[in-house]
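Undergrad: What follows is a predicted protein model with its sequence.
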Amino acid sequence: MQLRYSEGSIEDLEEIKTYLQEKAGAEIALKVIREIRRVIKDIIVPNPNIGSQVELDIEKELRLFTAGKYPNYNIYYSVENDLVVIRILHGKRNIKSLLSAEKR
């Protein structure tokens, strides 16, 4: 199983990094990004069914797992032939509306 990142998840990582650099500094931003990537690589990839299933009215079956030391960030991913990280969002953001907007 290969790990892939969607365009949206790559943009999410950049947005998280930029936001945290402005609010908390570069060191904190890098810690959070490293932890998110560590959780994906070391926890989700070897155990793809670990995340909770997310019930949305979309064609993809999504799973959700929190970002380790930073549980305010949610990692949304799908498991088919590959593990695809779909989005990485703060818990207060609305995944359903964001995924709907991507389809347009």
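TA: Sure, I can see it.
Undergrad: check contacts around the nearest residue to residue 79 once chain neighbours are set aside.
TA: Spatial nearest neighbour of residue 79, chain neighbours left out: residue 48 (4.5 Å); criterion: CB to CB, 6 or more residues apart in numbering. From N, CA and C alone the C-beta is placed, and that goes for glycine too. Going by CB atoms under 8 Å, 6 or more residues apart in numbering, residue 48 touches 1, 63, 77, 79, 83.
Undergrad: Over to residue 2?
TA: Here residue 2 is in contact with 82, 83 (CB under 8 Å, 6+ apart).
Undergrad: try 10 Å this time
TA: 45, 81, 82, 83, 84 (CB atoms under 10 Å, 6 or more residues apart in numbering).
Undergrad: now, among the residues you listed, which is nearest to residue 27?
TA: residue 45 (26.4 Å; CB to CB).
Undergrad: Could you check how far the closest one is from residue 39?
TA: 10 Å (CB to CB, to the nearest Å).
Undergrad: re the thing from before, which one among the contacts of residue 2 gets closest to residue 8?
TA: Comparing the contacts of residue 2 against residue 8 with CB to CB picks out residue 84 as the nearest, at 10.4 Å.
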